[in-house]
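Trainee: Sequence and predicted structure, then a few things I'm wondering about:
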Amino acid sequence: MADKATLTLGGKTIELPLIVGTEGEVGIDISKLRAETGAITFDPGYGNTGSCASAITFIDGEKGILRYRGIPIEQFVNHPDFIEVAMLIINGELPKRADRERFRDKLADNAHLHEGMKHHFDGFPSGAPPMAILSAMINALFCYDQNFSDPESDESFEDSAARLMSKVRTIAAYSYRSSKGLPYNYPDPKLLYCGNFLHMMFSMPHRPYEVDPDIEDALNLVLILHADHEQNCSTSTVRMVGSAQANLYASVAAGVCALWGPLHGGANVAVIEMLESIRKGGLKPEECIKLAKQKDSGFRLMGFGHRVYKNFDPRSRILKNACDKVLGKLGVKDPLLDIARKLEELALNDPYFVDRKLYPNVDFYSGIILRALGIPLDMFTVMFAIGRMPGWIGQWKEQHDTPGGRIYRPRQIYTGPTIRDYVPMDKR
Ligand code: SDX
């Protein structure tokens, strides 16, 4: 392939350099396009636009490939360690034992919240959406962590990463406890990341939560599968906010808000609601499929389709297999799993979905596992955020460390009125 693209516009021909990734993806560098032609590109939804070069996550949507720093996600399934994967994503390499232990200690040392933060939970009305609380409390955390918010050294960045990853888990658990009028559980430094979260969520004064290793493994796997996904909507939001040199906490708090959307991370809640409506007899699977195909129905088959995957989302395959394993080990029978399988079978044999390359995505089966683990439905997207935190942190750092990084400021094509005069009120 030539190393340049040629563009002819308005009788002028220019050459545009190409940028080629380590997996052979080709990008046309249009940095000089407007200066040389006066024109800009137009790509609503950015489906054809690369916002950055990144060495963190590789996705091949046609082949259903997802790798973190080159390692296929399938290789994490048999020994799921979310913190190890988080360190790989943030630092670029799998941690050595000493590094892993150091980070583990930092997570344990930073799991608690400032006592003053607990009063914030009292200020939210009952029924407040957990994602609203999470985003607000991450910004509130910044007020207590100001000297950790704009890390310059790798060591201080590791401290910031540990604080955010550890405390986001505590914030999530406390928002749940507060919503139920339950006492807060202090983090237990003897427990590992996921076990400590489950303890903070479910321990009662009269009955401490017993961490089941199978449940802990399942939660590690769910978080690993959500850990990063290149330039998705919420990560692009984190980069957008970070590009203005806003601090790490403000950037990830913005990412939480983007993830909340039902087209993005909020889909894991919408999938369960869709499956529940079928189970309760409101809708038959066949009717769901029919509605999803009707443009004017406003109904989408939640958990299906993806901007990048035009083949199976590899995460969905792993989660589907994990459903059987986790529900089997827990002795849980969930009718929603059978309904999900029926929907998948119908869709994958329907030309509407096949022609549009619509497959189950990460959200289609994740909720079944979260239910089996006892996570309440309104916390599902919060779990997605806890999983995605290392991805947001790693991507923010990659952008922060990129020399000559510029503020994100896309252009537009103006379609409003051309110039006209102000009309005084009595003449309107
Ligand atoms: C995540 O980007 C990421 O990496 C995100 C994520 C991550 O890890 O960060 O993977 C996590 O957000 C997963 C996606 C979760 N969302 C859902 O499950 C919601 C349902 N899915 C859709 O809304 C949709 O598929 C999106 C939002 C995921 C992708 O939207 P696109 O790329 O803009 O696709 P589109 O809307 O242009 O759809 C193309 C066609 C359209 O039909 P036509 O106009 O060509 O006739 O496919 C149809 C759409 O109507 N379509 C669907 C559909 N998804 C797409 N029709 C019915 N049901 C669906 N779910």
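Mentor: Cool, got the structure. It should be emphasised that the depicted structure is a prediction, and the values quoted were computed from it without experimental measurement.
Trainee: what number of residues lie near His226?
Mentor: Residues lying near His226 (other CB atoms under 10 Å) number 25. C-betas here are computed from N, CA, C, even on glycine.
Trainee: ugh, wrong one, I meant Ala340
Mentor: Counted with other CB under 10 Å, Ala340 comes out at 25.
Trainee: Give me the residues contacting the strand or helix carrying Gly116.
Mentor: Following DSSP states H and E, one finds Gly116 within helix 115-122. For helix 115-122, the external contacting residues (CB atoms under 8 Å, 6 or more residues apart in numbering) are Ile133, Ala136, Met137, Ala140, Leu141, Tyr144, Ile171, Tyr174, Ser175, Ser178, Tyr184.
Trainee: in this protein, which segments are predicted with low confidence?
Mentor: 149-151 (pLDDT under 70).
Trainee: show me what contacts the residue in it that the ligand sits nearest to?
Mentor: In the chain, the residue that lies nearest the ligand is Gly305 (2.3 Å; CB to the nearest ligand atom). Gly305 makes contact with Arg356, Leu358, Tyr359, Asn361, according to CB under 8 Å, 6+ apart.
Trainee: was I right about the last one contacting Met302?
Mentor: To tie it back to what came earlier, the one meant is Asn361. No: between Asn361 and Met302 there is no contact, the gap being 9.4 Å when judged by CB atoms under 8 Å.
Trainee: Need the overlap of contacts for these two.
Mentor: By the contact definition CB under 8 Å, 6+ apart, Asn361 and Met302 are jointly contacted by Ala267.
Trainee: Could you list the residues in contact with stretch 240-259?
Mentor: Against stretch 240-259 from outside (CB under 8 Å, 6+ apart): 131, 134-136, 138-139, 141-142, 145, 149-151, 160, 164, 233-239, 264-266, 381, 384-385, 388-389, 392-393, 396, 399-400, 405-408.
Trainee: hmm, back to that, and the next element down the chain from the helix holding Gly116?
Mentor: helix 130-144.
Trainee: what are the phi and psi angles of the nearest residue to Ile215 once chain neighbours are set aside?
Mentor: Using CB to CB, 6 or more residues apart in numbering and skipping residues adjacent in sequence, the residue nearest Ile215 is Leu373, 5.7 Å away. Leu373 adopts backbone torsions of phi -80, psi -10, taken as degrees, to the nearest 10.
Trainee: In contact with Leu373, which residues are there?
Mentor: With CB under 8 Å, 6+ apart, Leu373 has these contacts: Leu198, Ile215, Ala218, Leu219, Val222, Val326.
Trainee: Narrow those residues to those in helices?
Mentor: Among the contacts of Leu373, the members falling in helices (DSSP state H) are Leu198, Ile215, Ala218, Leu219, Val222, Val326.
Trainee: out of those residues, which is most surrounded?
Mentor: Val222 (28 neighbours).
Trainee: for the stretch 101-250 of the chain, what spans make up the helices?
Mentor: Applying DSSP state H, counting those that start in this stretch to the stretch 101-250 of the chain gives helices spanning 115-122, 130-144, 154-179, 193-202, 213-225, 233-243, 248-259.
Trainee: about what we covered before: drop anything exposed from the contacts of stretch 240-259.
Mentor: 131, 134-136, 138, 141-142, 145, 149, 151, 160, 164, 233-239, 264-266, 381, 384-385, 388-389, 392-393, 396, 399-400, 408 (16 or more other CB atoms under 10 Å).
Trainee: which ones among those residues come in contact with the ligand?
Mentor: Cys233, His264, Gly265 (CB under 6 Å from any ligand atom).
Trainee: What residues does this protein have near the ligand?
Mentor: Counting by CB under 6 Å from any ligand atom, the chain sits next to the ligand at 45, 229, 232-233, 263-265, 267, 292, 300-308, 356, 358, 361-363.
Trainee: hmm, 5 Å instead?
Mentor: Where the chain comes near the ligand, counting by CB under 5 Å from any ligand atom, the residues are 229, 232, 263-264, 267, 292, 300-301, 303-305, 307, 356, 361, 363.
Trainee: Those residues: which two are farthest apart?
Mentor: His229 and Ala292 (23.4 Å; CB to CB).
Trainee: Strand partners (parallel or antiparallel) of the longest strand anywhere in the chain?
Mentor: Counting by DSSP state E, the longest strand found in the chain is strand 12-20. Neighbouring strands of strand 12-20 in its sheet, by DSSP bridges, are strand 4-9 (antiparallel), strand 26-28 (antiparallel).
Trainee: Give me the phi and psi angles of the residue of the chain closest to the ligand.
Mentor: According to degrees, to the nearest 10, Gly305 has phi 90, psi 160.
Trainee: Equivalent analysis for Phe58, please.
Mentor: Per degrees, to the nearest 10, the backbone of Phe58 is at phi -120, psi 130.
Trainee: Show me the beta-bridge partners of it.
Mentor: Beta-bridge partners of Phe58, as defined by DSSP bridges: Arg67.
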